[in-house]
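Peer 1: Build me a model from this:
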Amino acid sequence: MTSKNRELAESTFALDMTPMIDCVFNLLIFFLCHINFKLLEGKIPAYLPKDVGANASPIDRLLEKVLIRVTRSAPPKLKDSNWTWHEDQIAIELQGRRQAGLAEFHSAILGLLKSSPDAKATLHPGEGTLYIDCVKVINECLRANFVDITLAGTPLDS
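Peer 2: Numbering: from 1, shown residues only. Presented below is the predicted three-dimensional model:
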């Protein structure tokens with residue numbers, strides 16, 4: 001074949017894509033019409049509170065919420081290499097009543113647990129309170145078998 005015939009053969013050959021695109025769109029429409037979309041809302045496990053909202057059920061008894069506040073009487077001097085933690089540097093309030101120390105706090109928590117075994121506590125550290133102060137209070141709660149404790153953060157002023 002001469003080069004002239006080859007150029008003529010290559011220039012006249014063209015693939016018409018219109019019928020192929022029509023078939024693809026028809027298949028796409030067919031499958032979209034026959035797909036059953038399932039809602040995932042019923043499948044996702046959601047552990048929502050059952051005592052509030054549209055399907056609220058009455059609570060047999062109200063749980064007591066225990067408020068614990070921990071503050072420091074004086075700011076610590078952390079640059080001292082011999083610094084140790086002292087119990088008299090923190091002030092603990094339980095339900096608005098100041099406790100004399102960790103021992104009194106422990107006995108007060110035991111009394112609360114006897115009256116309301118399923119009570120929930122919220123620990124509010126004051127400004128300047130150290131992590132170890134909160135840990136000591138939480139340890140006393142755990143010693144009294146009081147395990148449902150939430151640590152509430154102090155909001156920072158912007």
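Peer 1: part of a helix, is L27?
Peer 2: Yes. Per DSSP: H, G, I helix; E, B strand; the rest coil, L27 lies within a helix segment.
Peer 1: pLDDT score assigned to it?
Peer 2: If you check L27, the pLDDT there is 95.
Peer 1: Can you give me the distance of it to C33?
Peer 2: 11 Å (CB to CB, to the nearest Å). Every residue, glycine included, has its C-beta placed from N, CA and C.
Peer 1: Those two - which one has more neighbours?
Peer 2: Between L27 and C33, counting by other CB atoms under 10 Å, L27 is the more crowded of the two (10 against 7).
Peer 1: Show me what whichever strand in the chain runs longest is packed against.
Peer 2: Assignment by DSSP state E gives strand 65-72 as the longest strand of the chain. Contact partners of strand 65-72 among helices and strands, from 3 or more CB pairs under 8 Å, 6 or more residues apart in numbering; DSSP states H and E: strand 90-94, strand 120-125, helix 131-143.
Peer 1: got the ones you listed as a markdown table, with mean neighbour count, mean pLDDT and distance to T150 columns?
Peer 2: Below are the helices and strands packed on strand 65-72 laid out as a markdown table (neighbours: other CB atoms under 10 Å; pLDDT from 0 to 100; distance: least, CB to CB, whole Å):
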| stretch | mean neighbour count | mean pLDDT | distance to T150 |
| --- | --- | --- | --- |
| strand 90-94 | 20 | 88 | 15 |
| strand 120-125 | 18 | 86 | 5 |
| helix 131-143 | 16 | 88 | 11 |
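Peer 1: Please enumerate the helices of the protein.
Peer 2: Under the criterion DSSP state H, helices of the chain are mapped to 3-12, 18-34, 102-115, 131-143.
Peer 1: Distance to N82 added to these, as a markdown table?
Peer 2: A markdown table is the format used below for these (distance: least, CB to CB, whole Å):
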| stretch | distance to N82 |
| --- | --- |
| helix 3-12 | 92 |
| helix 18-34 | 75 |
| helix 102-115 | 22 |
| helix 131-143 | 16 |
